[in-house]
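**Q** Structure, please.
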Amino acid sequence: MRIDLARLMAVFYPIIVIGLIVLFLVSFYLFINRIMTSRRDTVRSLHAIEHKLDLILNQMDTKNSRNEAE
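**A** Down below sits the predicted model:
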């Protein structure tokens, strides 16, 4: 019972190719998912900074209008 190399390659070659394609698709999905998560976190952070700046500006306006009234 001799194993022919051509038959062995004929069996394993499609398995290896399909495995590499699946690995590529999973890696691509995880890469896109990481980018989207990072972008979402950045947008949240920017909204928080914008809210804090609005609060600071409102406090400064309130303080300025009190000083002008005096």
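**Q** all contacts plus neighbour counts: C-alpha atoms, from now on.
**A** Will do.
**Q** Find me the pLDDT at L20, would you?
**A** Confidence at L20, expressed as pLDDT, is 98.
**Q** That one: neighbour count?
**A** 12 (other C-alpha atoms under 10 Å).
**Q** ok, it to R7 distance?
**A** When distance is defined by C-alpha to C-alpha, to the nearest Å, L20 is 20 Å away from R7.
**Q** in this structure, which spans are helices?
**A** Counting by DSSP state H, one finds helices in the chain at the ranges 5-69.
**Q** So which residue is dead centre in it?
**A** I35 (2.2 Å; C-alpha atoms, centre = their mean).
**Q** measure H51 to S38 for me?
**A** 20 Å.
**Q** ditto for A6
**A** A6 is 47 Å from S38, by C-alpha to C-alpha.
**Q** now swap in S65 and tell me
**A** From S65 over to S38 the distance is 41 Å, taken as C-alpha to C-alpha.
**Q** repeat for G19
**A** Applying C-alpha to C-alpha to G19 and S38 gives a distance of 28 Å.
**Q** what do you get for D54?
**A** Between D54 and S38 the computed distance is 24 Å (C-alpha to C-alpha).
**Q** repeat for L23
**A** 22 Å.
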